[in-house]
Every structure is written in C-alpha cells, then in structure tokens.
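Visitor: give me the fold of what follows.
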Amino acid sequence: MTNVLVLGATGHVGQPLVSALLEKGITVKAASRSGRDIGAAKGVVFDYFDPATIGPAFEGIDAAYVMLAGGYTGADTLLLPLIAAAKEHGVKVVLQTAFGVNADDSIPYRKVELALEATGIPYVILRPNWFMDNFHTFWKAGIDQGVIALPAGEGKSAFIDVRDIAAVAAEALTSDAFDNQALDLTGPEALSYAESASMISEVTGKTVSYNAISDADFIAGMVEAGLPKDYAEFLTSIFYPVREGWTAAVTDAVEKVTGNAPRSLTQYLADHKTAL
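Guide: Numbers count the residues shown, from 1 in each chain. Predicted structure coming up:
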C-alpha cells in the first residue's frame, strides 16, 4: 500500500497517523473539512454531509482509514456511503469503530462493520477503548475546576493513548498481515476515573477529584456547554458499558501489531503534563 487516505486527518488519531505513515514513506491524502495540506500529506476537502466530496477523496488510493469524527451521531448513516465508495474503487479499509460495539448487531457502528465485512474488499476493524487523550481535551474544563464529573459510576476502563491507535492503524494500512480481522485495542491496565483523577493530581500538583454524576446531570451539563442534546444523549449512553464493567477488559492487540507495549496512563500524563 503506497497511497493512503486518512479521514479526520487533523483529529486526535489522524494527526499521529499521518505522521506515522509519512515516516514509512507512504503517500498520504489528508482528508478534512478545510482540505489543507499537513506537512508532506496532500490535503483533500471532505465532508460527511456532502456526497460530492466522497468520490475525489477515494480516487487514486490503495487504502483508507475510515472513522467518524467526534461530535456526530448516526455512524451507519454517515459511514455506509464511504464503505460503498471503497468497494467501488477497490480500496482496502481500516475502520475505526469503538470498543464493545460487536455486542449487538443493532448498534450503528456494528452495522458499518458488518457492511464492510460483506464487501469482499480487504479490511481491518479497530475497536479502541476510551481515549486517554480525553483528559486533556473533553474533560479538561472540569479538570481546570478540580473535578471530573461523569456518569461512569465506579467502572474501570483500559484507557488507550491515541498514539498507540495510530501506530496500529499505520501497520494495518501498510501490511496485509492483519487483513480481515477485528482488533480490540486497549491500554495496559484498567483504571477507574477516581484512580485517574488521583494520578492527575499527583502529576499536576493540583487537587482533582472524581464525581460520579447521574445521566440527567451529565446531559444537562453538556447541553449547557453548547453540545446538541442528541449528541449529549449519545455520549451518556456510552457510559453505560463503563458502569457495567465491560470496558475494563485488557487486550494485547497493540503489542501484537506494533511490537511495542501500549503506553500507560502514567506515561500519557507525563507526556501531557503541560496540557493538563
């Protein structure tokens, strides 16, 4: 694979993925709403809601990293046209969904996985657990106030660093060794948000605590912060598996694919101390 399309190229996974592919000598087409170049990666304008941008994005490539950017719901509605385009162009797809979506075939992401599997084109499905990077992005405003307030109960998650997701994706896009597999990606250990808050406190020197709030309070807070209600409700729904303990599973997929153990939360916190 020498020509690769990366959707969400300016995002949390997309940026380190573009860098990793360029280091491998791959020609990268970086898709984003702005269409700007990213270093040596040629930019292409892409919008999930504009069908006219799909064809040009998929032209002249061997493989594509397909994912749904944050802030959107309806993964099946938005991603199925991309799977169809990949099949039409004979493009291998590395699809990013989410940890645990294979629990029920009615889950929108699972519908996309099944559609991809049925195309007959080479594919790899990546199901990452909760991102460590949420702490310095989505949960940062709360951390600045000394509290992480989420409807996660006492559940634990095997948080994963986006750099490890990108490293796995780079291997999957440039090798056929993992074709037609689904890989559950996690960090090396499962931690609760209370444990994570304590670790953040130790690294940053400021007191951060965890508040296990209700679904209703979380939705209200997200809407007040400016998120659409349907997206706030979607975010709330994905904390149910956390409370049930389903996201505490730890896998060795990152090390099997990359040859390197996944980064720990301790390492992530050290690397992002300034951002936190």
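
Visitor: how much space separates Thr10 from Ala86?
Guide: For Thr10, the distance to Ala86 equals 21 Å [Cβ to Cβ, to the nearest Å]. Just so you know, the C-beta spots here come from the backbone N, C-alpha and C atoms, and that holds for glycine as well.

Visitor: and for Asn129?
Guide: 25 Å.

Visitor: Val203 now?
Guide: 41 Å.

Visitor: doesn't Arg263 make contact with Asp161?
Guide: Yes. Judged on Cβ atoms under 8 Å, Asp161 makes contact with Arg263 at a distance of 4.2 Å.

Visitor: so where do the helices sit in the protein?
Guide: Using DSSP state H, the helices of the chain run over residues 14-23, 54-58, 75-89, 108-117, 140-144, 162-174, 193-204, 215-224, 229-237, 240-243, 253-258, 265-271.

Visitor: mind showing which ranges of the stretch 1-150 of the chain have poor pLDDT?
Guide: For the stretch 1-150 of the chain, the stretches flagged by pLDDT under 70 are 1.

Visitor: ok, now with 80
Guide: Applying pLDDT under 80 to the stretch 1-150 of the chain picks out residues 1, 70-73.

Visitor: what is the neighbour count of the closest residue to Lys111 other than its chain neighbours?
Guide: Of all residues not flanking Lys111 in the chain, Asp76 sits nearest, at 4.3 Å (Cβ to Cβ, 6 or more residues apart in numbering). Residues near Asp76, counting by other Cβ atoms under 10 Å, number 18.

Visitor: now swap in Pro228 and tell me
Guide: 13.

Visitor: okay, and the common contacts of Asp161 and Arg263?
Guide: Listed as contacting both Asp161 and Arg263 by Cβ atoms under 8 Å, 6 or more residues apart in numbering are 132, 187.

Visitor: quick check: the closest residue to Ala194 other than its chain neighbours vs Glu224, distance?
Guide: Closest residue to Ala194 apart from its sequence neighbours, by Cβ to Cβ, 6+ apart: Tyr210 at 4.3 Å. Tyr210 sits 20 Å away from Glu224 when distances are taken as Cβ to Cβ.

Visitor: for these two, indicate the residue with more neighbours.
Guide: The neighbour comparison of Tyr210 against Glu224 (other Cβ under 10 Å) goes to Tyr210, with 20 against 9.

Visitor: correct me if wrong: that one contacts Ala197.
Guide: Yes. In this structure Tyr210 lies within contact range of Ala197 using Cβ under 8 Å: 4.3 Å.
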